[in-house]
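Undergrad: Fold the following.
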Amino acid sequence: MTRPLILIVDDEAQILRFLGHALNASGYETCTAATGAEALAQVKARQPDLMILDLGLPDTDGKAVIETLRQTSDLPVIVLSARDQEMEKIMALDLGADDFVAKPFAIGELLARLRVCLRPARKSSDPRLRLGPLVIDPAAHRVTRDGTELHLTPKEFDLLAALAETPGRVLTHRQLLARIWGLAHVEDVPYLRVFIGQLRQKVEADPALPTLILTEPGVGYRGAG
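TA: Presented below is the predicted three-dimensional model:
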């Protein structure tokens with residue numbers, strides 16, 4: 001069986017070597033690029049299954065690579081970003097990155113995020129979504145847990161469905177606000193937090209220790225993968 005090909009884009013030779021060894025040992029093929037231009041050329045030449053992208057590149061900003069890539073490709077992209085670049089991560093996600101891992105990072109976390117991004121799209125004829133024990137029926141606007149219906153407001157339902165569509169992947173505050181409330185509300189983060197709190201009260205076994213709707217501090221939320 002063909003092993004997935006991962007393109008690693010970073011200008012630090014040590015990171016390229018470390019990730020190359022770790023990913024090869026975990027069952028992936030790898031190719032590398034040290035600049036944004038090289039990365040885009042590799043995408044065309046090698047057609048990788050996923051890109052791991054550092055934002056700090058010598059010839060261009062990593063966000064520009066994502067923006068250019070998204071004009072022609074839906075290649076999954078995991079961003080590597082320093083912890084003190086929170087807004088950079090948010091902007092990268094808003095431009096179309098699928099996930100991010102903060103530097104310094106644990107290889108186990110990166111591999112877990114990679115597996116989520118490579119997970120095949122759900123091709124079942126069943127139109128319902130699932131998030132842990134929750135079954136979400138978009139057509140009927142209905143959510144059940146163990147056969148019992150949960151009563152959600154329309155906005156709560158839309159919010160839960162958005163998180164369930166891409167389990168394990170982070171959605172930024174702006175992405176959720178634009179989708180559920182419209183572009184005029186993309187700065188209303190406190191409003192979103194209120195709705196997330198209300199939703200957790202209804203769907204989590206322990207709202208104080210959520211396991212279905214997870215917080216990415218300062219960035220957004222993800223449905224449990």
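Undergrad: Near Met51, how many other residues are there?
TA: 27 (other Cβ atoms under 10 Å). Bear in mind the C-beta positions are built from the backbone N, C-alpha and C, glycine included.
Undergrad: Going by secondary structure, it is in what exactly?
TA: If you go by DSSP states H and E, Met51 is part of strand 50-54.
Undergrad: what's in contact with that strand?
TA: Residues outside strand 50-54 that contact it (Cβ atoms under 8 Å, 6 or more residues apart in numbering) are 4, 6-12, 15, 19, 39, 43, 62, 65-66, 69, 75-81, 97, 110, 114, 117-118.
Undergrad: and it, how far from the chain's centre?
TA: Distance, stretch centre to chain centre, for strand 50-54: 13 Å (Cα atoms, centre = their mean, to the nearest Å).
Undergrad: Show me what whichever helix or strand comes after that strand packs onto, helices and strands only.
TA: Next helix or strand after strand 50-54 toward the C-terminus (DSSP H and E): helix 62-69. Contact here means 3 or more Cβ pairs under 8 Å, 6 or more residues apart in numbering; DSSP states H and E; on that basis helix 62-69 packs against helix 36-46, strand 50-54, strand 77-82, helix 86-95.
Undergrad: Deepest-packed of these, please.
TA: Most buried of these by mean neighbour count (mean count of other Cβ atoms under 10 Å) is strand 50-54; its value is a mean of 25.
Undergrad: The strand holding Met51 - what's its average pLDDT?
TA: Per-residue pLDDT over strand 50-54 has a mean of 96.
Undergrad: what is the orientation angle of that strand with helix 36-46?
TA: Here the directions of strand 50-54 and helix 36-46 differ by 170 degrees (axes from the mean of the first three to the mean of the last three Cα atoms, to 10 degrees).
Undergrad: you'd agree Leu171 is in a strand?
TA: Yes - assessed by DSSP: H, G, I helix; E, B strand; the rest coil, Leu171 belongs to a strand.
Undergrad: How is the chain divided into domains?
TA: 5-118, 129-223 (automatic domain parsing).
Undergrad: Contact partners for Leu19?
TA: Residues near Leu19 by Cβ under 8 Å, 6+ apart: 8, 10, 30, 52, 110.
Undergrad: if I look at the fourth one, how far off is Ala41?
TA: Counting by Cβ to Cβ, to the nearest Å, the gap between Ile52 and Ala41 amounts to 16 Å.
Undergrad: for the last one, same thing?
TA: According to Cβ to Cβ, Leu110 and Ala41 sit 24 Å apart.
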